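Engineer: predicted coordinates and the sequence they were generated for:
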Amino acid sequence: MKLSVIGTGYVGLVSGVCLASKGHDVICVDVNEEKVSSINNRNPPIHEEGLPELLRSVVDTRKFRATSNLTEALDFCEAVIIAVGTPTTDGKLDLTYLVQAARQIGAYLNSTNKFLSVIVKSTVLPTTTDVVVRQAIAEASGGKTSQFGLGMNPEFLREGNAISDFNFPDRIVLGFEDFKTGEVLSRIYEPWNADKVFVNTRTAEMIKYANNCFLALQISAANELANLAAKLGGIDFMDVFRGVTLDKRWNPIRNDGSRTEPEILTYLVPGPGFGGSCFPKDVQAIRAQGHDNGLPMEILDGILSVNERQPEQVTKILEAHFGTLSGKNILLLGLAFKPQTDDVRESASIRISEELLAYKTILVAHDPIATENFIKLSGVQTSTIKFTQDWKTEVANADAIVIATRWEEYKALPGLKVAGKVVFDARRLLSPKDFPSSTYFSIGRRV
Ligand code: NAD
Ligand code: UGA
């Protein structure tokens, strides 16, 4: 099937390349010429495992290309997928890019008799596709409402795992408003053997937000209880969580009496809070929609306020240990909001480094791939931070080493000269046993 994708960010580019690798013919469109030419030169502008190889193969077999010419892409395709950014601005969903893309599609339809299925993949609040997008296309097309269909296909991929998540999804949610687009969606995802949930577009939109809110809720609830466990002492919150997940409502007992280890146990770890381009913005956006509809949205308030305070755990615990943090040499390991990505949006390391600077520490920071983005995009006063690519050498000068992102390479820390130093393993990458002669802190456990 001939498909176009608008937006070549994490979602647009990964979707385009994966759809092409499954046999579709795909054109990706972006207003950013630099991204377009880098993609056509087979250099992905984002860091994702497996993406360079897959991009090279679909470009070489002519199943995929990028362009900045929207008309060319719309002439080419039977369905267009919108995957532009939907940021949260001042706590509210900002539909500027989405409405712009919808109006551009409408303007195109105004000049042709072609029918297009328009499928929203960006994360948008319930009612956006069937009200806002419909209206934007209808107006710009001069009222050609029978010339387009509407679909909503939310994306659940995680950065750092994007290709694998897209190719092996837990389920595919297919929302549609007209039969033709429902059928188009079925054909797009025919090569996928996952559970498929067919619903209307506003249900599809709500599934996406509910999914992110439930995950963010689990993280904030775990962090809040983990802070209490650490205060009381003698409790490791990971033991608590293992005990909880043996309840058969979380982890069913099979007929033969056995169980599988619940996936959530590999995901949920007490830490300095969630970041990234999705959880913080999505919880805020749907909370604002609730408020606009006269609802209090107290649980969502709680998720966000626990998360807002959570990075303070690091400085609070360090300060209590040292008495004062002023003048202490701190080595901060990890700037990305999670491993396997160079994305620093809303990273907990932003708040942690701001606080460490406010406490007048001497800060040295490392990340395998996200340093450049951190300097450009974090908003932190980075002129007072020393960035290093040789973190192992810096260990010798540090009074405390803080692991803020679960990068595998930091597992080498116990083999270095850490005796007598403080190790704050904020992501629980390692364990107290790895540091017999250091002072070891983590979140949710008092050692
Ligand atoms: P992004 O900011 O990385 O990329 C968006 C791209 O769209 C940019 O390259 C921008 O130049 C382009 N663009 C904007 N307006 C355009 C237009 N009119 N025409 C052509 N190109 C245009 O965004 P992203 O991280 O890929 O997220 C996209 C959407 O997917 C968001 O709604 C996000 O919430 C959702 N989402 C993201 C993830 C993730 O892990 N990043 C996962 C699931 C869902
Ligand atoms: C998240 C969801 O997991 C995806 O399903 C969804 O598609 C995506 O948001 C989205 O809507 O864009 P992502 O943000 O890439 O994906 O990463 P996660 O692995 O979920 O981690 C999010 C943040 O939560 C990270 O900062 C991570 O460090 C943090 N986290 C995770 C915790 O602080 N504690 C935990 O126990 C687990």
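Structural biologist: On my side now, so go ahead. Numbering: from 1, shown residues only. Ligands and ions are numbered 1, 2, ... in the order given.

Engineer: now Pro368: which helix or strand?
Structural biologist: Assigned by DSSP states H and E, Pro368 belongs to neither a helix nor a strand.

Engineer: and the residue lying closest to Asn373 once chain neighbours are set aside, what does it touch?
Structural biologist: Among residues not flanking Asn373 along the chain, Val344 sits closest, at 4.7 Å (Cβ to Cβ, 6 or more residues apart in numbering). C-beta: built from backbone N, CA, C; applies to glycine. Counting by Cβ atoms under 8 Å, 6 or more residues apart in numbering, Val344 makes contact with 335-337, 350, 370, 373-374, 377-378.

Engineer: for Thr201, same thing?
Structural biologist: 120, 129-130, 150-152, 175-177.

Engineer: what's the closest of those to Leu246?
Structural biologist: Distance to Leu246, by Cβ to Cβ, is smallest for Gly175 among those, at 35.6 Å.

Engineer: phi and psi next, for that closest one.
Structural biologist: phi -100, psi 140 (degrees, to the nearest 10).

Engineer: surely it and Asn200 touch.
Structural biologist: Yes - taking contacts as Cβ atoms under 8 Å, Gly175 lies within contact range of Asn200: 5.7 Å.

Engineer: okay, those two: which has more neighbours?
Structural biologist: Gly175 (28 against 17; other Cβ atoms under 10 Å).

Engineer: and the closest residue to that one other than its chain neighbours, how many neighbours?
Structural biologist: Spatial nearest neighbour of Gly175, excluding adjacent residues (Cβ to Cβ, 6+ apart): Ala204 at 2.7 Å. Ala204 has 23 neighbouring residues, counting by other Cβ under 10 Å.

Engineer: okay but Ala204 is in contact with Arg171, surely?
Structural biologist: No - with contact defined as Cβ under 8 Å, Ala204 does not reach Arg171; the gap is 11.3 Å.

Engineer: what do these two both touch?
Structural biologist: Counting by Cβ under 8 Å, 6+ apart, the residues touching both Ala204 and Arg171 are Val197.

Engineer: any idea which helix or strand comes after the top helix by length along the chain?
Structural biologist: For the chain, the helix with the greatest residue count under DSSP state H is helix 201-232. Next helix or strand after helix 201-232 toward the C-terminus (DSSP H and E): helix 237-245.

Engineer: who does the helix or strand following that next one touch, helix- and strand-wise?
Structural biologist: Per DSSP H and E, the first helix or strand lying C-terminal to helix 237-245 is helix 264-267. Other helices and strands packing on helix 264-267, by 3 or more Cβ pairs under 8 Å, 6 or more residues apart in numbering; DSSP states H and E, are helix 237-245.

Engineer: about what we covered before: what sits against the residue nearest to Gly175?
Structural biologist: 129, 152-154, 173-175, 197.

Engineer: excluding its backbone neighbours, what's nearest Gly12?
Structural biologist: Ala83 (3.5 Å).

Engineer: what about the one you found, how many neighbours?
Structural biologist: 29.

Engineer: any idea how far it is from ligand 1?
Structural biologist: 5 Å (Cβ to the nearest ligand atom, to the nearest Å).

Engineer: ok, Gln313 next?
Structural biologist: Distance from Gln313 to ligand 1, by Cβ to the nearest ligand atom: 25 Å.

Engineer: picking up where we left off before, now the longest helix of the chain: mean pLDDT?
Structural biologist: Helix 201-232 shows a mean pLDDT of 97.

Engineer: how deep is the residue in the stretch 301-447 of the chain positioned nearest to ligand 1 tucked in, by neighbour count?
Structural biologist: Proximity to ligand 1, evaluated over the stretch 301-447 of the chain using Cβ to the nearest ligand atom, is greatest for Asp343 at 7.5 Å. Close neighbours of Asp343, defined as other Cβ under 10 Å, add up to 22.
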